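Q: What follows is a predicted structure for the sequence shown.
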2 protein chains.
Amino acid sequence: MQTPDTEPTTLTDGDVHDLDAWWRAANYLSVGQIYLMGNPLLREPLRAEHIKPRLLGHWGTTPGLNFIYAHLNRAILARDLDMIYIMGPGHGGPGPVAAAWLEGTYSEIYPDISQDESGMRRLFTQFSFPGGIPSHVAPETPGSIHEGGELGYSLSHAYGAAFDNPDLVVAAVIGDGEAETGPLAASWHSNKFVDPRRDGAVLPILHLNGYKIAGPTLLDRIGDDELESLLRGYGHEPIVVSGKDPDYMHRHFAGALDRCLDRITDIQQQARLSGSSDRPSWPMIVLRSPKGWTGPVEVDGLPIEGTWRAHQVPFAQARDDDEHRDILEHWLRSYRPDELFDGNGTPVPDLRTLNPAGPRRMSANPHANGGPAIRDLALPDFRDHAVAVEVHGHDVAESTRILGTFLRDVMRDNPKTFRMVAPDEHNSNRLDDVLDATDRTWNAEILPTDDHLAPDGRVMEILSEHSCQGWLEGYLLTGRHGLFSCYEAFVHIVDSMVNQHAKWLRTTNRIDWRRPIPSLNYLLTSHVWRQDHNGFSHQDPGFIDHVVNKKSDVIRVYLPPDANTLLSVTDHCLRTRQYINVIVAGKQPQPQYLSIDDAIVHCTKGIGIWEWAGTDRDAEPDVVLACAGDVPTMETLAAVEMLHEWFPDLLIRVVNVVDLMRLQDDREHPHGLPDADFDALFTTDTPVVFAYHGYPWLIHRLTYRRHNHDNIHVRGYIEEGTTTTPFDMCVLNRIDRFDLALDVIDRVERLLPVAAYAREHLKNTLIRHRQYIRKHGEDMPEIADWRWRGLDR
Amino acid sequence: MQTPDTEPTTLTDGDVHDLDAWWRAANYLSVGQIYLMGNPLLREPLRAEHIKPRLLGHWGTTPGLNFIYAHLNRAILARDLDMIYIMGPGHGGPGPVAAAWLEGTYSEIYPDISQDESGMRRLFTQFSFPGGIPSHVAPETPGSIHEGGELGYSLSHAYGAAFDNPDLVVAAVIGDGEAETGPLAASWHSNKFVDPRRDGAVLPILHLNGYKIAGPTLLDRIGDDELESLLRGYGHEPIVVSGKDPDYMHRHFAGALDRCLDRITDIQQQARLSGSSDRPSWPMIVLRSPKGWTGPVEVDGLPIEGTWRAHQVPFAQARDDDEHRDILEHWLRSYRPDELFDGNGTPVPDLRTLNPAGPRRMSANPHANGGPAIRDLALPDFRDHAVAVEVHGHDVAESTRILGTFLRDVMRDNPKTFRMVAPDEHNSNRLDDVLDATDRTWNAEILPTDDHLAPDGRVMEILSEHSCQGWLEGYLLTGRHGLFSCYEAFVHIVDSMVNQHAKWLRTTNRIDWRRPIPSLNYLLTSHVWRQDHNGFSHQDPGFIDHVVNKKSDVIRVYLPPDANTLLSVTDHCLRTRQYINVIVAGKQPQPQYLSIDDAIVHCTKGIGIWEWAGTDRDAEPDVVLACAGDVPTMETLAAVEMLHEWFPDLLIRVVNVVDLMRLQDDREHPHGLPDADFDALFTTDTPVVFAYHGYPWLIHRLTYRRHNHDNIHVRGYIEEGTTTTPFDMCVLNRIDRFDLALDVIDRVERLLPVAAYAREHLKNTLIRHRQYIRKHGEDMPEIADWRWRGLDR
């Protein structure tokens, strides 16, 4: 690799001194956070009671993070950079907290953690302490948009932040442990989605410190040749800085950083002047430094610095073991705190020369707190895109295709603040019209046979759900808006990322200085009921179950049954902040039930009686047929038609659910219905046959406290699937119109004069269906072409 | 890259003819499967009724898969290779089905799909047809261990199959779409975990056909230099074969394949003779060929071959549009079926010369069906590893550390058929003792500071849950055994992989020729209640919720409360086949409740009354305290002690649940309890306070049909967490002993003389706890050191 030995360094001895002092201060404050709860300035020898009883934190990666922080500050000052810092090894939480305190940001946000001795003591004590702050980089950490708990997303977050922020530089440290994860490995290729004319820059800094918790890291052990080859293969020009001696490392890292930033400036200026978007080879740094750098070399006869033993707390008996306590004190004093903090414990003026001013501080950069000027989307009127519904359930449309026309206009009206991501499924999900307003983002080679590709496109497609999710999260966390369209089954690929984002939202809801960020919006289509083509592997509606386990104040789930309800729901979601909105809607042609005005009313309530589809009028019903989801709604209505034909006196109520959380009670979820309202819909004693889009037991989990719960019978997906016809998928899972009608008959048989005869007929029809599809390979026309004909009441 | 132009080819013209004929036959049969339901041999011009009404399948990748299949067959015959074939682009399902039919395997397994015209017609019709076979490579496909629906796992499956199979060569085609996924990107580095002395070889074949569903693929568009650099960085020596002309491609692909196989032989022979395990640069092939190769060049004026339009069915109106039907017929005839099949529709003898014999056929290789000699593990007696429990709940042990001694002996006794995988958490999970029997697998650079690394180690650690899961799946699917230990929260990273494996098991349960494979065993430790260190991001017990949505015949969930129950449960799981066993158990020191004999009895029942912990004796209880999980069990017992002290006359029953599925009824799950048994434990009318390890609503979802469900009150994890003390985690989620006792008081207040006073006292203790931990940073000693003292009854 290009070694910095061949490069001139740009530092004076004074620069080196300043950098080193700042770094020592950050390291001192980091060790203090991990170990101390008293005597923060070492005014007296350390005693047991100064040491925390439970030592919880990660030292190994922290000095490297601090080293880079100091150097980024120098560059920010020298170049007036607008820069944020993503720390992949987020378990190094003490580092950015120390930096924010040194920069003054911490005390501005948390006034009790003042820049003096008492503040320093509280800074130390609160770390990884009950009532204090987490041990990882977290929402509580100023300047962070990246929860450091689960590894793998630093680069995709960094790129998400850089998109459409042309003046931003995102420094992203990638841990060598993190680099082993799949999501991180995939995200290296994000550089093919950057337009240097329009987007900011990401500067990856691969930090090789050699060890994970217990084992070595792959990228540290494949040799320089393979590593360089790999990084060049990812499209980067790597510069390696390797060593341990601080003076050497300061000079060489500064030289490497300057070269990278010069190169970024060149790339951007050239692209912006010439208008050319040719993909450059972006610079990056490989920093090889010991794990636990500057920490104790050896404890109890075992090597610490430079080994996996430095990963967490390098030695654990500092409270009870005098020798360990001596090592700790010696270690702390090695940073020469007396030179760093004055008699009050305040950082000496020299240290502050390395602090950028105001919002240029990475700990106070507004991009890391919802963006400098967070704005709502300019939303076109979704009603202009409505399908005309003169007669309920008569005409047919592809709901997501209709939505595509609305999203096209959203894209057109928000050319710098809205992006869509999809794992190669945008068109498959029938959102093609959006490509009239923009192209797919692509800055690798383009051929004449390609369709709608351009470096400045705004529909981001890569066959990596992880990259889609990471990019979008980074984009939202910096205050912009977006939508992720995905096959329903494969959104499980990002289950764990969704967990972390939900936890971020839940936590920031309790942090008053955090600005609310735009919601994370999912459109799950190509859903379980219409994967008749791809079969069993593509059938899984469990993402809803996954998200509803998260805190109710951040989760919303919508199941619009047709195009106009989908429009209304999507418009609403795009206006919200701090939520995870999950919208499930099919892409196949299907009957349209509600006019746009009816759809708005229905979606506003979130749940309601469809009087036009029931036979109960103002009376108490004999049975309630409830439905949630487009296919279940269609099957329910078809069942109502048959039941009404057989049993014209049966009083059927139809309840449709758009907002799934309405089923819970209002103590459990902000959208929950009070019991009285629930009872008004579902009664307290009438049989309910509920056709639900997903796994049936979720409905039980949401309604088990309701008065009428014992009478609720749910049909849904029970993991029966294969490559078959759409209607047969319903039959396999017994959520089809005939089985629903049979379920009703079973429950109100005593009211039905010809129950036995009807039952026989329905069962025979199912047998005929089976025979028909096996012969013809498609559904019987009267089923496939079913339309709501209206009831003869 | 090294181009094959510089390489000699090894084929005669006759070889080329044979290869091409076999390839044409496979392609013909593939197109037939996608389009035809009649007239399979084109004895007459195609008519509408010969065409399926719903055209469902993927053409684009299929000819490439078939091309490779033909060439692998040539190599198998020439070298007597033991080879299986993993098809990453598994949507190319028609390909391996065609190959299996040509090889005769298909008709052996499915006799109605005979090797003649009527068999061919059925072969065509069944594809992606109701009652037929899926459109993707699936469990139904002979020779496959790789469900092709969800992309990203081909390489890790391939390596899993190759481990400990020294004579096996696994050819793995990686689609260029698949190559964009994170799991695949991470899995390239699997070659650092291969010991050429002991393991088989994986031959990666990166198939660049340039397009995904709608967009281009990254690796096709980064230029040859970057691509070669990338693959070398992954540790491979790539050979590229690029083109379209069949004659050219046959000669050059054969040359490339011979060179790769020669190199593999060299590597293995050298390693096995010399005993050296130095990591070689393994060969691989890059095959650049057009998407939809040999298909129609243009339809309706739009280019098809070589574009994204060839991805699925290249043109859809073949039934109704005469012109399209002509194109189809012309396309099919271009393969010259008259030369390939005789008058009966049987493959001509010439074609069979390329079929390996018997189990050498990749479609019949026993490795792809549970392994050639699937064996149970040789299991040591787990009772030898038991902790002595003289008094219930008195002594303390780390349960997973105890388990580690058992697993060490399992490892020792099964040196070729058992592996453990972990994402860098093996020691963190306290399984260190296993490293006495083996090392961590590692074939990259090793330094003196490293701990227990060796190329022939059997504990596989990489910081990629995806690679861990993929390797283990590949290992199990080829008939060996293993265990995945993982932090509970981060196992969500593989949610979607678990889905696919569960679907594989469910489907193979219905396929009689598939041999049952060893179960997929998870040990989830470092669980939600003891991530007080890492905090909120590491706290998520939702994996249980995720798996119980899958078919009940493949899912088992165990929550052993202590070391001896953990031993008993693990021993059981290691004996099973065709399950996904999820075991959740903590690693921290905790009271031990049951002697090994009691543990065996308790685990065999899966649920039971702990008489020693209750006060109800033989009477009907006033209240039932139920618990599942180690921490909830401890809090429950501590609550019982306090309740008994306050209310000596209160009749408390303690029920402990190890096998979570016992809570369901026996119609829902094979382990489910009949209602009468459930009622005998939980009564039909007594209040139940249930402390559960995970999200509380799961207990409701499992028990909502039970008679006493309305009286069951569940405490569990409600997404309240941070970096705090272990006991405070319980308090935050109200599952602590005091809150449980308060819950009991609320429910049986009428029986309790001093309820108000007790309530006041318990609440005050909680306040004191809060104050104490905020001052001292650790739990009050009487809480942290709690032991079951026994009841004074």
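A: Yep, that arrived. Just so you know, these numbers come straight off a predicted model, no measurement behind them. Numbering: from 1, shown residues only, chains lettered A, B, ... in the order given.

Q: Find the residue ranges of chain A scoring beneath the pLDDT cut-off.
A: Residues of chain A that meet the criterion pLDDT under 70 lie in A:1-9.

Q: Let me see the domain layout of it.
A: A:4-366, A:382-591, A:607-784 (automatic domain parsing).

Q: Show the end-to-end separation of the last one, please.
A: Translated: domain A:607-784. End-to-end span of domain A:607-784 (CA to CA, to the nearest Å): 27 Å.

Q: hmm, that domain touching chain B?
A: Yes. Shown here: domain A:607-784 in contact with chain B (CB under 8 Å from any CB of the partner chain) through A:695, A:697-698, A:700-701, A:704, A:709, A:719, A:722-725, A:728, A:773-774, A:776-778. Yep, even glycine has a C-beta here, placed from its N, CA and C like the rest.

Q: for A:Val173, phi and psi?
A: Backbone torsions of A:Val173, given as degrees, to the nearest 10, read phi -90, psi 130.

Q: A:Leu681 too?
A: Per degrees, to the nearest 10, the backbone of A:Leu681 is at phi -90, psi -50.

Q: Over to the closest residue to it other than its chain neighbours. Which of the three states is it?
A: Distances taken as CB to CB, 6 or more residues apart in numbering or on different chains place A:Val655 nearest to A:Leu681, at 5.3 Å, with adjacent residues excluded. Following DSSP: H, G, I helix; E, B strand; the rest coil, we place A:Val655 in the strand state.

Q: Now for A:Val655: which residues touch it?
A: Neighbour list for A:Val655: A:Ile607, A:Gly608, A:Ile609, A:Trp610, A:Val624, A:Leu625, A:Ala626, A:Cys627, A:Leu681, A:Phe682 [criterion: CB atoms under 8 Å, 6 or more residues apart in numbering or on different chains].

Q: tell me the contacts of the fifth one?
A: For A:Val624, the contacting residues are A:Ile652, A:Arg653, A:Val654, A:Val655, A:Leu681, A:Phe682, A:Thr683, A:Thr686, A:Pro687, A:Val688, A:Val689, taking CB under 8 Å, 6+ apart as the criterion.

Q: do the second one as well
A: Residues in contact with A:Gly608, defined by CB under 8 Å, 6+ apart, are A:Val601, A:His602, A:Val655, A:Asn656, A:Leu681.

Q: With the third one instead?
A: A:Ile609 sits next to A:Arg653, A:Val654, A:Val655, A:Leu681 when contact means CB under 8 Å, 6+ apart.

Q: Of the residues you listed, which pair is most distant in space?
A: A:Val654 and A:Leu681 (10.5 Å; CB to CB).

Q: More neighbours: which of these two?
A: A count of neighbours by other CB atoms under 10 Å in any protein chain shown puts A:Val654 above the other of A:Val654 and A:Leu681, at 23 against 19.

Q: contacting residues for the more buried one?
A: Applying CB under 8 Å, 6+ apart, the residues contacting A:Val654 are A:Ile609, A:Trp610, A:Ala613, A:Gly614, A:Val624, A:Leu625, A:Ala626, A:Cys627, A:Thr636, A:Leu637, A:Val640.

Q: what about A:Leu155, which SS state?
A: From three-state DSSP, the assignment for A:Leu155 is helix.

Q: That one: how many residues sit nearby?
A: Neighbours of A:Leu155 using other CB under 10 Å come to 32.

Q: which non-adjacent residue is nearest the closest residue to chain B within the stretch 51-200 of chain A?
A: The stretch 51-200 of chain A approaches chain B most closely through A:Gly149 (2.4 Å), counting by CB to the nearest CB. Distances taken as CB to CB, 6+ apart put B:Ser537 closest to A:Gly149, at 2.4 Å, once the chain neighbours are dropped.

Q: what does A:Ser229 give?
A: Nearest to A:Ser229 is B:Gly233, by CB to CB, 6+ apart, at 3.9 Å.

Q: contacting residues around the one you found?
A: For B:Gly233, the contacting residues are A:Ile222, A:Glu226, A:Leu227, A:Glu228, A:Ser229, A:Leu230, A:Leu231, A:Arg232, A:Gly233, by CB under 8 Å, 6+ apart.

Q: The second one belongs to a strand?
A: In this case it means A:Glu226. No. Applying three-state DSSP, one finds A:Glu226 to be helix, outside a strand.

Q: Okay, strands next: where are they in the stretch 551-700 of chain A?
A: Along the stretch 551-700 of chain A, counting by DSSP state E, counting those that start in this stretch, strands occupy A:555-558, A:580-584, A:589-591, A:607-609, A:623-628, A:652-657, A:688-692.
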